[in-house]
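Chemist: just the structure for this:
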Amino acid sequence: MEKLLLLFCNWSTLGVCAALKLPQISAVLAARSARGISLPSLLLELAGFLVFLRYQCYYEYPLLTYLEYPILIAQDVLLLLCAFHFNGNVKGAAPYMAVFVASWFVLPLQKWIIDLAMNLSTFISVASKFAQLQYLWKTRDSGTVSALTWSLAAYTCAILTRFVIMLALNVWVTTTVLRYRKTAVKAE
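Modeler: Numbering: from 1, shown residues only. Reported below is the predicted structural model:
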C-alpha cells in the first residue's frame, strides 16, 4: 500500500508540475499584463530550480527524481519572457538569461560550489515566496497572479509534508529513546 501511495505521489506531483505555471501564463497572456507578479520572486524561483536541476545532473541522480525541474524551468522562462514583454522591455530579460546560462556551467566547476549552491537553494526558494508576498502586500493588488498556480504549488509541497512530519516524529522517537535509555549497570 505504501509503495502505491508513493507511486501516486510521485506521478501526481510530476503531473501537477507539468501544468503548474500554465494557469499563470494563461492569465498573463489573457490580460496582456504581468501586473501583480514580482520579478524578483520569479528570478529567485528560477535560480532555485536551476540550482536543484544542476545538482541532480551533477550527481547523476535518476531522471525520475528530478524530471519536473526542466518542465518548471521552461515554464518559468516563458513566464519571465511574458513579464518582460508586457512590461515593454523584452531585451531586459537578456542579462538574466545570460546569468542563468552561465551559472549552468559555473556551478559544477568545483564540487564545493554546487554543494554550497544546493545548500542555499532552500533559502533562495523561501526568499522567492517572501518576495512575492512582499510585492502583494506593498501593492495590495494581486493583478494577474493565478491563485490556481499557487494552489497547485501548495499541493506539490503538501505531498512532501508527510515526509517532513515523519522525519520530525522519527527524530522525536529517537530522542525519547535516548532520553529514557537505562545506562548499563556494571556488575561489581
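Chemist: just checking, Trp104 touches Leu50?
Modeler: Yes. Applying CB atoms under 8 Å as the test, Trp104 and Leu50 come out as touching, 6.8 Å apart. The way it works is simple: take the backbone N, C-alpha and C, and place the C-beta from them, glycine included.
Chemist: in the chain, which spans are helices?
Modeler: All helices of the chain, identified by DSSP state H, fall at 2-19, 22-31, 39-58, 68-86, 93-106, 111-139, 147-180.
Chemist: now for the longest one, which elements pack on it?
Modeler: Looking back up the chat, that one is helix 147-180. helix 2-19, helix 22-31 (3 or more CB pairs under 8 Å, 6 or more residues apart in numbering; DSSP states H and E).
Chemist: adding distance to Pro40, write those helices out as CSV.
Modeler: Output for the helices and strands packed on helix 147-180, formatted as CSV (distance: least, CB to CB, whole Å):
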stretch, distance to Pro40
helix 2-19, 22
helix 22-31, 16
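Chemist: lowest-confidence stretch among those helices?
Modeler: Mean pLDDT is lowest for helix 2-19 out of the helices and strands packed on helix 147-180, coming in at a mean of 80.
Chemist: let me have the helices of the chain in a markdown table, extended by mean neighbour count.
Modeler: Supplementary listing: those in a markdown table, determined by neighbours: other CB atoms under 10 Å:
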| stretch | mean neighbour count |
| --- | --- |
| helix 2-19 | 13 |
| helix 22-31 | 18 |
| helix 39-58 | 21 |
| helix 68-86 | 19 |
| helix 93-106 | 13 |
| helix 111-139 | 15 |
| helix 147-180 | 12 |
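Chemist: quick check: end-to-end length of stretch 26-45?
Modeler: 19 Å (CA to CA, to the nearest Å).
Chemist: mind listing what Asn87 touches?
Modeler: Ala34 (CB atoms under 8 Å, 6 or more residues apart in numbering).
Chemist: return the backbone torsion pair for it.
Modeler: The phi and psi values for Asn87, taken as degrees, to the nearest 10, are phi -90, psi 0.
Chemist: check Val145 too.
Modeler: Per-residue torsions, Val145: phi -60, psi 130 (degrees, to the nearest 10).
Chemist: surely it and Ser33 touch.
Modeler: No. If you go by CB under 8 Å, Val145 and Ser33 don't touch, sitting 11.0 Å apart.
Chemist: tell me which of the two has more neighbours.
Modeler: Set Val145 next to Ser33 and count neighbours by other CB atoms under 10 Å: Val145 wins out with 20 against 16.
Chemist: spatially nearest residue to that one (excluding sequence neighbours)?
Modeler: Gly36 (4.2 Å; CB to CB, 6 or more residues apart in numbering).
Chemist: and the one you found, what pLDDT?
Modeler: 90.
Chemist: pLDDT weak spots in this structure?
Modeler: In the predicted model, the chain carries pLDDT under 70 at residues 162-163, 183-188.
Chemist: the nearest residue to Thr65 once chain neighbours are set aside: what's it in contact with?
Modeler: Take Thr65 and drop its neighbours on the chain: the residue closest to it by CB to CB, 6+ apart is Gln56, 6.5 Å away. Contact analysis of Gln56 by CB under 8 Å, 6+ apart lists 65-66, 69.
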